[in-house]
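Visitor: turn this into a structure:
(chains A and B)
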Amino acid sequence: MRLLTILFLAGLGGAADAEDIILQSTTSTANSDLYDHLLPMFEEASGIRVNVVAVGTGQAIRNAANCDGDVLLVHAKPAEEKFVADGGGVERFDVMYNDFVIVGPQDDPAGIAGLDDVGTALKRIADAEVIFASRGDDSGTHRKERGLWEMAGIDPTPASGRWYRETGSGMGATLNAGIGMGAYVMTDRATWITFGNTQDYRVHVEGDPALFNQYGVMLVNPERCANVRAEEGQALVDWLVSEAGQGAIASHTKRGQQLFFPNARKAK
Amino acid sequence: MALPFVRMPLVFRKLCRKREILQQIGEAIALAFGLLLAADADLLEIVTLSLYVSLSATSIACILGLPLGAILAVTRFPGRGPVLVLINALMGLPPVVVGLIVYLHLSRSGPLGFLGLLYTPTAMIIAQTILIAPIVVALSRQVLEDLHLEYAEQFRSLALSARQVIQALLWDGRFALFTVALAGFGRAVAEVGAVMIVGGNIDHLTRVMTTAITLETSRGNLPLALALGIVLLALAMAVTAAVHGLRAGTAGQADA
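Guide: Sure, this is the predicted structure:
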């Protein structure tokens, strides 16, 4: 028992170090090992250690609004801009992009393989009432998917629980569930390329400009959140949009494919 | 596997699936042994943190919960019934709810935010302690109340104070209470909802076995996730065996 007490006290002392910062980010970036690739380089350059909390974009923004993080890197531009406008973040920078794809079983029951028009694909899925697994969790991917349904002029909500199934979980969990049900799933390409349990699934729809997926980064507002390590956090933001950071993003590959494409406006 | 445009008969596909699943389980078992034998540094770190967090939570829950359980076992007061119902009901607290409550308190914008404890192992210990304390209180109350009924006559004849009765009960019931502690530990080490929210599953800082399993599942690395599950099971068995060894050891001493 005494040993445990000592261990406990040692643990209290071992909480996050002063130079550490917390990055609130998304599962798509963390699950594809992007940060395992980037952060050691940043730490080497700056001496700052970054702890990543990977949740859905909606939750990441809420956590940041509660001051539980120093930097926010997510993918839902309108929500990010609202977060900054509300005083939650300082200045938002485009940092990189990739794209969304629709994956489905090999036998393609809705006949959408090869389409590069996502609206038509969604219409065919809805007409055939083939199962579609949605994130249903207010994440960046979920917001994007709802926007695409709206663009296609379809409201899948009445079909919820029938062919439109909202898992309310992360991308990976939704892929696992969708593949188990034989459903179509919209996923970001990085998660898909890294995903291990693909079974007979393949990419059916890609290449529509509407499937563009932009990531943005911003410092949590230190004027609103006194605990924010503004200097260290801004150093991370600046590094990500700098030539070095952008090059590091471009050099991250999985299974021979580049996952994210840097597109920060040239640093001043 | 199949030629394009040729559909495999459904039965055949199902058989294929089944074989794949068996293969995955086999792969997982091999992977688990591989990880254990190689004493993989990352795995060791995660296992150590899991043990540290859950054993700390169990110890704190026992230090607070066992005396409370004993007091509830021997005393009678108005409103005792509802209190017991409440504590028994709290055994069913969903870990995610505990995680949320602790998050709201420890968040920088919460009342205890100034402590800076969110996303630390300490936050995880706090959450797990809250999760398992009701289990410790409720089960120890039941165990000690039964014991108390057995010894009530003797206690009365010795004219012991309430404090002495509680001490005697806790000592005499220690073996049963070990099992109570194990039940608490089992719940703590197996839960994922609370530590995910208050710990954040941060690599090299707050990643434990269950959050690592969730992460690997979401990456679709099912064999690795399953292998980690096997390691977790082995861990729980090792702790249980250690407690049993302790019991056997002390029982032997008492006999000698």
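Visitor: hmm, stretch A:134-143 in reach of chain B?
Guide: No. Residues of stretch A:134-143 contacting chain B under C-beta under 8 Å from any C-beta of the partner chain: none, with a closest distance of 12.0 Å. The C-beta positions use only the backbone N, C-alpha and C, and glycine is treated the same way.
Visitor: what's the span of that stretch from first residue to last?
Guide: 10 Å (C-alpha to C-alpha, to the nearest Å).
Visitor: could you give the mean pLDDT of it?
Guide: Across stretch A:134-143, the average pLDDT comes to 91.
Visitor: near chain A at all, stretch B:134-154?
Guide: No. Judged by C-beta under 8 Å from any C-beta, stretch B:134-154 makes no contact with chain A; its nearest approach is 14.7 Å.
Visitor: whatever residue of the stretch 51-200 of chain A ends up closest to chain B is in what secondary structure piece?
Guide: For the stretch 51-200 of chain A, the residue closest to chain B is A:G172, as judged by C-beta to the nearest C-beta, at 2.8 Å. A:G172 is part of helix A:171-181 when elements are defined by DSSP states H and E.
Visitor: keeping just the C-alphas, turn that helix into CSV.
Guide: The C-alpha trace of helix A:171-181 is given here as CSV (Å, rounded to 0.1, in the frame of the first residue of the first chain):
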residue,chain,number,x,y,z
MET,A,171,-14.3,7.0,-39.0
GLY,A,172,-12.6,3.7,-38.3
ALA,A,173,-15.5,2.4,-36.2
THR,A,174,-17.9,3.4,-38.9
LEU,A,175,-15.8,1.6,-41.6
ASN,A,176,-15.8,-1.5,-39.4
ALA,A,177,-19.6,-1.3,-38.9
GLY,A,178,-20.3,-0.4,-42.6
ILE,A,179,-18.1,-3.2,-43.9
GLY,A,180,-19.9,-5.6,-41.5
MET,A,181,-23.3,-4.5,-42.9
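Visitor: buried stuff in that helix?
Guide: A:171-179 (16 or more other C-beta atoms under 10 Å in any protein chain shown).
Visitor: B:L66: which of those residues is nearest?
Guide: Among these, A:A173 lies closest to B:L66 (C-beta to C-beta), at 38.1 Å.
Visitor: what about the closest one, distance to A:S160?
Guide: 18 Å (C-beta to C-beta, to the nearest Å).
Visitor: just checking, what packs against the longest strand along chain A?
Guide: Ranked by residue count under DSSP state E, the longest strand found in chain A is strand A:93-105. For strand A:93-105, the packing partners by 3 or more C-beta pairs under 8 Å, 6 or more residues apart in numbering or on different chains; DSSP states H and E come out as helix A:140-151, strand A:184-188, helix A:189-194, strand A:201-205, strand A:212-219, helix A:230-241, helix A:243-250, strand A:261-262.
Visitor: closest point of the stretch 101-250 of chain B to chain A, which residue?
Guide: For the stretch 101-250 of chain B, C-beta to the nearest C-beta, closest residue to chain A: B:S218, 2.8 Å.
Visitor: how deep is that residue tucked in, by neighbour count?
Guide: 24 (other C-beta atoms under 10 Å in any protein chain shown).
Visitor: cool, and B:A123?
Guide: Quick note: B:A123 (other C-beta under 10 Å) scores 28 neighbours.
Visitor: show me the shaky parts of the chain.
Guide: Assuming you mean chain A. Scanning chain A for pLDDT under 70 picks out A:1-19, A:266-268.
Visitor: that's the wrong chain, I wanted chain B
Guide: In chain B, residues with pLDDT under 70: B:1-19, B:251-256.
Visitor: center of it - which residue?
Guide: B:A188 (2.0 Å; C-alpha atoms, centre = their mean).
Visitor: what's near enough to touch A:G168?
Guide: Residues near A:G168 by C-beta atoms under 8 Å, 6 or more residues apart in numbering or on different chains: A:135-137.
Visitor: ok, A:N197 next?
Guide: A:175-176, A:179, B:220-222.
Visitor: for it, give me phi and psi.
Guide: Note on A:N197: its backbone torsions stand at phi -100, psi 50 [degrees, to the nearest 10].
Visitor: what's the domain layout of chain A?
Guide: Domains of chain A are assigned by automatic domain parsing as A:16-97+A:214-262, A:99-211.
Visitor: report the distance from the lengthiest helix in chain B to the chain centre.
Guide: The helix that spans the most residues within chain B, counting by DSSP state H, is helix B:121-158. Centroid separation between helix B:121-158 and its chain, computed with C-alpha atoms, centre = their mean, to the nearest Å, is 16 Å.
Visitor: chain center to whatever helix or strand comes next after it, what's the gap?
Guide: On the C-terminal side of helix B:121-158, the nearest following helix or strand under DSSP H and E is helix B:162-172. Here helix B:162-172 is found 27 Å from its chain centre; the criterion is C-alpha atoms, centre = their mean.
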